[in-house]
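Asker: no sequence for this one, just the structure:
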């Protein structure tokens, strides 16, 4: 059981890294990183299409990663 959960944890962590790196950057250029970019911070821009799928996938994988980490810790203690 422990080995199966550990393998699932490793697979989810690799997929989570890939999904996070695939997400588009929120800044337009390097200058906006230094000057702020408050117009984008307070703008109500919803993710649409592929961005929305990536955001939902990231949240789902993050929850699964956390749940598996807790399960692995529980199994290791008992």
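Answerer: Looks like it came in fine. All figures in this text were calculated on a predicted structure; none of them were measured in a lab.
Asker: Mind listing what's buried along stretch 63-73?
Answerer: Using 16 or more other C-beta atoms under 10 Å as the test for burial, stretch 63-73 gives 64, 65, 68, 72. Every C-beta, even on glycine, is put in place using the N, C-alpha and C of the backbone.
Asker: hmm, I was thinking of stretch 5-14
Answerer: 5, 9, 12.
Asker: which residue is nearest the middle of the protein?
Answerer: Nearest to the mean C-alpha position of the chain, by C-alpha atoms, centre = their mean, lies residue 58 at 3.6 Å.
Asker: quick one: it and residue 73, what's the gap?
Answerer: Using C-beta to C-beta, to the nearest Å, residue 58 is found at 23 Å from residue 73.
Asker: ditto for residue 8
Answerer: In terms of C-beta to C-beta, residue 8 sits 14 Å off from residue 73.
Asker: where does this protein have its least confident helix or strand?
Answerer: Least confident element among the helices and strands of the chain, by mean pLDDT, DSSP states H and E: helix 38-41 (a mean of 56).
Asker: what's residue 49 sitting at in phi/psi?
Answerer: When quoted as degrees, to the nearest 10, the phi and psi of residue 49 stand at phi 70, psi -120.
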